[in-house]
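Colleague: Give me a model of this one.
(2 chains)
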2 protein chains.
Amino acid sequence: MTIKLYELAGAEDDRRFSPYCWRIRYALRHKGLDFETIACRFTDKHVIAFSGQDKVPVLVDGDEVVSDSWAIACHLEQAYPDRPSLFGGSAGQALSRFYVDWADTVLHGTLIRLLASDIHAHLHERDKDYFRESRERRFGTTLEEFTSDHAQSLQELKRILTPLRRTLQSQPYLGGDAPLFADYTVMGAFMWARSVSQVSLLEPDDPVALWRGRLLGQLGEEASRLRAYG
Amino acid sequence: MTIKLYELAGAEDDRRFSPYCWRIRYALRHKGLDFETIACRFTDKHVIAFSGQDKVPVLVDGDEVVSDSWAIACHLEQAYPDRPSLFGGSAGQALSRFYVDWADTVLHGTLIRLLASDIHAHLHERDKDYFRESRERRFGTTLEEFTSDHAQSLQELKRILTPLRRTLQSQPYLGGDAPLFADYTVMGAFMWARSVSQVSLLEPDDPVALWRGRLLGQLGEEASRLRAYG
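Modeller: Below is the predicted model:
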């Protein structure tokens, strides 16, 4: 039975913008597993209600239903031990966790100030009010005000990428000579940006940009089949 | 031949404050290797000139002379493969690199605003002018001015520890159930702080504080034999 991945989509079914879902797309490709995806919207909570919670990604793998991108990656690693490893062993798995927490807080927290209005602009009509209301409550201001200072947010992004930039100056991937789930975790944020924003986030000669380009290239035609910029 | 570790010391030989040297102390203990240390001061460049550069830690292991804490850890891993691994495999080694770059930039960059004056106060007389002049040039202000807003710097520390705190909420060590070099890399910063400052950096119930306590406990009497606070 083919693996099913429930993913967040925008106005069009083929605009997939969730950074967490991108982590799993990459993870499934890494494992060489076939899968089909089901486009969901923020307000389609009923579509994934069977998972016992209300957030994508949700993975259905035979009888198993797994939500949360980290839990899904751990499931894939355990269920398909003969496929290429996402972590490179148990130490690598433990060491991957900080990348998740860094991306979820520092990287996403910086990027959302660049992307929130663009995300809204690319949402399905039925999601727009939900997104605006929930995010404006969270941010304590309007989406437009929250994303008004692009120059400042780009500076901040450049600053918070300092440790990542240094690492990628000394090795091609976070996982070493080849990417691991830590790479996909961080790359998810750049796929999120790419799917809704035309803003160029990185200088072309930034080691982070070169790494991003390598990971994008790895997707092959999948990168161009889905709607995105740049 | 016993391994020799050249370490930075303060006014007293037994005040060892370099975060980079602490990474290696922990790494040597992890490998179960005997070693002796040689106390150096900032201005003792001649003492380590044989290493071809001017910074500690410097490790002398038989015929091998290695400087830079990351290079030393990699050397120990390669030279003593039968001892407990510092990385848990090649993926773990690659994944450990980001911890080094995060600690060197984000964590040290925040802590230095809390510690610079205290470091100066604990230096050997012959190091004081060198440290003040080089650091005031780097910071663009006096040590006193640079470290004047403790409350703000403690807030900033709490903030930048967010991803670390999250990770340590989900597992006891960065390396999983037991510490790895990634743990020692980050812990070095807290040993640096502890050796010169009486300021309490963490709330007692912070998962980072609990992790720090576990790693400190692991040092046993070594932690109390060297001069430090708290």
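
Colleague: Please report phi then psi for the closest residue to A:Phe181 other than its chain neighbours.
Modeller: With sequence-adjacent residues excluded and distances taken as C-beta to C-beta, 6 or more residues apart in numbering or on different chains, A:Phe181 is closest to A:Leu86, at 4.0 Å. No exception for glycine: its C-beta is placed from N, CA and C like everyone else's. For A:Leu86, the backbone dihedrals (degrees, to the nearest 10) come out as phi -80, psi -20.

Colleague: and chain A, which of its residues are near chain B?
Modeller: When proximity is defined by C-beta under 8 Å from any C-beta of the partner chain, chain A lies next to chain B at A:85, A:87-102, A:104-106, A:162-164, A:166-167, A:170-171, A:173-177, A:180, A:182.

Colleague: just checking, A:Leu59 is part of a strand?
Modeller: Yes - judged by DSSP: H, G, I helix; E, B strand; the rest coil, A:Leu59 forms part of a strand.

Colleague: what's near enough to touch it?
Modeller: Listed by C-beta atoms under 8 Å, 6 or more residues apart in numbering or on different chains, the contact partners of A:Leu59 are A:3-6, A:24, A:65-67, A:72, A:75-76.

Colleague: Which pLDDT value goes with it?
Modeller: On pLDDT, A:Leu59 comes in at 98.

Colleague: before we move on, what about the one 4 residues further on?
Modeller: Looking at A:Asp63, its pLDDT is 96.

Colleague: Can you give the domain ranges for chain A?
Modeller: A:3-79, A:90-219 (automatic domain parsing).

Colleague: For the first one, measure first residue to last.
Modeller: End-to-end span of domain A:3-79 (C-alpha to C-alpha, to the nearest Å): 12 Å.

Colleague: and that domain, how far from the chain's centre?
Modeller: 11 Å (C-alpha atoms, centre = their mean, to the nearest Å).

Colleague: just to revisit the earlier point, buried among the residues of chain A next to chain B? Need that as a selection in ChimeraX.
Modeller: Buried residues among the residues of chain A next to chain B (16 or more other C-beta atoms under 10 Å in any protein chain shown), as a ChimeraX selection:
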select /A:85,87,88,89,91,92,93,94,95,96,97,98,99,100,101,102,104,105,106,162,163,164,166,167,171,173,174,175,176,180,182
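
Colleague: Out of the residues of chain A next to chain B, list just those in helices.
Modeller: A:90-102, A:162-164, A:166-167, A:170, A:182 (DSSP state H).

Colleague: Touching, the residue nearest to A:Phe181 and A:Pro179? I think so.
Modeller: No - A:Leu86 is beyond contact range of A:Pro179, at 9.5 Å (criterion: C-beta atoms under 8 Å).

Colleague: list the residues that contact both of the two?
Modeller: By C-beta under 8 Å, 6+ apart, the residues touching both A:Leu86 and A:Pro179 are A:His30.

Colleague: quick one, which of the two is more surrounded?
Modeller: A:Leu86 (26 against 21; other C-beta atoms under 10 Å in any protein chain shown).

Colleague: How about stretch A:107-115, which residues are buried there?
Modeller: A:107-108, A:110-115.

Colleague: Which of those sits closest to chain B?
Modeller: Proximity of the buried residues of stretch A:107-115 to chain B (C-beta to the nearest C-beta) peaks at A:Leu107, which lies at 9.4 Å.

Colleague: mind listing what the closest one touches?
Modeller: Per C-beta under 8 Å, 6+ apart, neighbours of A:Leu107: A:160-161, A:186, A:189.

Colleague: A:Glu77 now?
Modeller: Applying C-beta under 8 Å, 6+ apart, the residues near A:Glu77 are A:85-87, A:93.

Colleague: Let's have the residues you listed in CSV, adding distance to B:His120 and pLDDT.
Modeller: Listed next are the contacts of A:Glu77 as CSV, based on distance: C-beta to C-beta, whole Å; pLDDT from 0 to 100:
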residue, distance to B:His120, pLDDT
A:Ser85, 48, 98
A:Leu86, 46, 98
A:Phe87, 43, 98
A:Gln93, 42, 98
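
Colleague: I figured A:Glu125 was touching A:Ala11, is that so?
Modeller: Yes - A:Glu125 lies in contact with A:Ala11 (C-beta under 8 Å); the separation is 7.3 Å.

Colleague: Those two: who's more crowded?
Modeller: Ranked by neighbour count (other C-beta under 10 Å), A:Glu125 and A:Ala11 place A:Ala11 first, with 15 against 8.

Colleague: Over to the more buried one. Which of the three states is it?
Modeller: coil.

Colleague: List the contacts of the closest residue to it other than its chain neighbours.
Modeller: Excluding its sequence neighbours, the residue lying closest to A:Ala11 (C-beta to C-beta, 6+ apart) is A:His124, at 5.0 Å. Going by C-beta under 8 Å, 6+ apart, A:His124 touches A:9-11, A:41.

Colleague: lowest confidence element among the helices and strands of chain A?
Modeller: Ranked by mean pLDDT, DSSP states H and E, the weakest helix or strand in chain A is helix A:221-225, scoring a mean of 84.

Colleague: Distance of A:Leu161 relative to A:Met1?
Modeller: 40 Å (C-beta to C-beta, to the nearest Å).

Colleague: Cross the contacts of A:Leu59 against helices and list the overlap.
Modeller: Per DSSP H, the contacts of A:Leu59 map to helices at A:24, A:72, A:75-76.

Colleague: what lines up beside the helix or strand hosting A:Thr37 in the sheet?
Modeller: Using DSSP states H and E, A:Thr37 maps to strand A:35-40. With DSSP bridges as the test, strand A:35-40 is paired with strand A:3-8 (parallel).

Colleague: quick one: average pLDDT of the strand it pairs with?
Modeller: The model assigns strand A:3-8 a mean pLDDT of 98.

Colleague: same question, stretch A:105-125
Modeller: On average, stretch A:105-125 scores 98.

Colleague: mind saving the C-alpha coords of that stretch as CSV?
Modeller: What follows is stretch A:105-125, C-alpha atoms only, in CSV (Å, rounded to 0.1, in the frame of the first residue of the first chain):
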residue,chain,number,x,y,z
THR,A,105,12.5,28.6,16.9
VAL,A,106,15.4,30.7,15.5
LEU,A,107,15.1,30.2,11.8
HIS,A,108,11.3,30.1,11.4
GLY,A,109,11.0,32.9,14.0
THR,A,110,13.1,35.1,11.7
LEU,A,111,11.7,34.0,8.4
ILE,A,112,8.1,34.5,9.4
ARG,A,113,8.7,38.2,9.6
LEU,A,114,9.6,38.0,5.9
LEU,A,115,6.9,35.6,4.8
ALA,A,116,3.7,36.1,6.8
SER,A,117,2.1,38.4,4.3
ASP,A,118,3.2,36.4,1.3
ILE,A,119,1.8,33.2,2.9
HIS,A,120,-1.5,34.9,3.3
ALA,A,121,-1.5,36.1,-0.3
HIS,A,122,-1.0,32.5,-1.6
LEU,A,123,-3.6,30.8,0.6
HIS,A,124,-6.8,29.3,-0.5
GLU,A,125,-9.8,31.7,0.0
